[in-house]
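**Student:** mind folding the following:
(chains A and B)
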Amino acid sequence: MKTKILSVKGARDFYPEQLALRRWLYANMQAAAQQFGYQEYDGPFLETLDLYAAKSGEELVKEQAFVFNDRGGDQITLRPELTPSLARMVAARQGQLPRPIRWWSFGPFWRYERPQKGRSREFFQWNVDLIGAESPAVDAELAAVMVTFFQRLGFTSSEVKIQFNNRRLMDGQIAALGLAEQKKSVFRLIDRRDKMSAEAWNKYAADLGVGAAQLDGLQAMLADRELWRKSDECQAFLDAAEALGIAAYLEYDPTVIRGLDYYTGTVFEARDREGEFRAILGGGRYDNLVGDVGGDRLPGVGFAMGDMVIGLVAQKYGKVPALATSPTQVLVTVFSPASQAESLRLAAELRAAGVRAEWYPEAAKLDRQLKYADATGVRFAAILGPDELAQGVVMLKDLKTRTQAPVSRAQLAAELQARLG
RNA sequence: GUGGCUGUAGCUCAAUGGCAGAGCACUUGACUGUGGCUCAAGGGGUUGCGGGUUCAAGCCCCGUCAGCCACCCCA
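**Tutor:** Sure thing, here's the model as predicted:
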């Protein structure tokens, strides 16, 4: 029996069709980020475990990171997220980088999880960050970058939403309930509000040491859709969002808390309005992260969008256009072994004139050659047989309109350019 | 890490414990130089892998691997 080498669990093959989708997402991410003046950068795929140790979520590092010892015995991590690398890079050149820093990136990340819908072990992530400015208006700008991206894909505010909350606001509320000591566990508790039954959630709260009165207060708080009014930052954030023209996409949600430990202020997460898919993106403000990796305190805000969920949502909502996988503009057919050289010459002429030309590498039946062009989505075929050669022309066939006409060989490239627009 | 479902042709899936099939795709022809339709013929399988029960296993049992889905966590 043939041995079949399997791919690594949770790693995806990108056939041209899938790569076309990824590149389409990338092009729109690039366009949205650049429209706001963000510069592209990237960090290393390998980092030391120390970088993540105290900064990200505990589970993210301990349970989900790919960690291995290198030959020198150091603990190396395949990056599970980019923000710590960003903070490290900024801290390393803190004195030289002009601020504010507006940077974006798109690349691969790894997390050791059970693959399922919208989640794999190797995935791509778009990161957009602004470092060196503290105003809530800056948080609104990040939301505007998200909205610009959504709009480029064709999503309206009735199809996707950006939910936001504020960690400082929640800190204050939790402290007022006398729960400041258990802040981390209470955040986790809030995060699970929608995922558990009321009884299970109440029991979970009691196990954390939340008293009956405190639990009532917590529930009232989580039901309060107007809670944001108690936060100057939220007010300023919404005012700026209004000015940026993106308010329709925003929705305040007191249960949005985000899992990562380093968030300090605004947090956001985007979802499809029907709530069918997991979060499209997540992010927030992290004012202490640069300081935590050895720099001076420098405020920052950013978000990350994985490639899988947005791909699923875009397909579900019919936003993905027909994406060409073949770059070929014209297929040059080969009639017989004797005329092959002439077909090669014609293809070379077309390429020299700037036309992307492909030839059929054997003198198969024309039927087969056209079927190939059809299957790969090539629009034009240049048919070169004995009749055409005798008359110094090429039969130019448009597979889309199913029409054909002889074109003089000298004018073929120009004719193609004109028809291709 | 926990739980559920599913593994049969390239793809999507049938088959009461009793001869492994269909549709699509592919090849050839109808059509000697023309792709979307039609018709005909044809090729293609250790039923994921290993063991067990049985006269007989794709089907039942055990194990294992893989995929999908949910939980956990998160993009």
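
**Student:** how about the closest residue to residue A:398 other than its chain neighbours, phi and psi?
**Tutor:** Sequence neighbours aside, residue A:380 is the residue nearest to residue A:398 in space, at 5.9 Å (criterion: Cβ to Cβ, 6 or more residues apart in numbering). Bear in mind the C-beta positions are built from the backbone N, C-alpha and C, glycine included. Residue A:380 adopts backbone torsions of phi -120, psi 150, taken as degrees, to the nearest 10.

**Student:** dump the residue contacts of residue A:380.
**Tutor:** A:329-331, A:396-399, A:416, A:419 (Cβ atoms under 8 Å, 6 or more residues apart in numbering).

**Student:** give the buried residues for the longest helix along chain A.
**Tutor:** What stands out as the longest helix in chain A, according to DSSP state H, is helix A:16-35. Applying a neighbour-count criterion of 16 or more other Cβ atoms under 10 Å, one finds A:20-21, A:24-25, A:28-30, A:32-33 buried in helix A:16-35.

**Student:** for stretch A:354-367, same thing?
**Tutor:** Under the neighbour-count criterion of 16+ other Cβ under 10 Å, stretch A:354-367 has A:355, A:357-360, A:363, A:366 buried.

**Student:** what is the end-to-end distance of it?
**Tutor:** For stretch A:354-367, the separation between the terminal residues is 27 Å (Cα to Cα, to the nearest Å).

**Student:** ok, and does it reach over to RNA strand B?
**Tutor:** Yes: for a cut-off given as Cβ under 7 Å from any atom of the strand, stretch A:354-367 has contacts with RNA strand B, namely A:365-367.

**Student:** can you check stretch A:384-393 too?
**Tutor:** Yes: contact of stretch A:384-393 with RNA strand B (Cβ under 7 Å from any atom of the strand) involves A:385-388.

**Student:** any low-confidence regions in chain A?
**Tutor:** The model of chain A has pLDDT under 70 over residues A:1-6, A:54-60, A:62, A:195, A:197.

**Student:** if you set the cut-off to 80 instead, what comes out?
**Tutor:** Within chain A, the segments meeting pLDDT under 80 span A:1-7, A:53-63, A:182, A:184, A:191-201, A:203-204, A:207-209, A:259-261, A:293, A:421.

**Student:** how about the strands in the stretch 251-400 of chain A?
**Tutor:** Residue ranges of the strands in the stretch 251-400 of chain A, as given by DSSP state E, counting those that start in this stretch, are A:266-272, A:281-285, A:300-306, A:330-332, A:357-359, A:380-383, A:393-398.

**Student:** among these, which is nearest residue A:13?
**Tutor:** strand A:300-306 (17.7 Å; Cβ to Cβ).

**Student:** quick one on the thing from earlier: return only those of the contacts of residue A:380 found close to RNA strand B.
**Tutor:** A:397, A:399.

**Student:** elements contacting whichever strand or helix holds residue A:214?
**Tutor:** Using DSSP states H and E, residue A:214 sits in helix A:212-223. With contacts taken as 3 or more Cβ pairs under 8 Å, 6 or more residues apart in numbering; DSSP states H and E, helix A:212-223 sits against helix A:183-191, helix A:198-207.

**Student:** quick one: residues contacting residue A:361.
**Tutor:** Neighbour list for residue A:361: residue A:334 [criterion: Cβ under 8 Å, 6+ apart].

**Student:** look up how far RNA strand B lies from it.
**Tutor:** Between residue A:361 and RNA strand B the distance, using Cβ to the nearest atom of the strand, to the nearest Å, works out to 14 Å.

**Student:** same deal with residue A:295?
**Tutor:** Remark: distance between residue A:295 and RNA strand B (Cβ to the nearest atom of the strand) = 22 Å.
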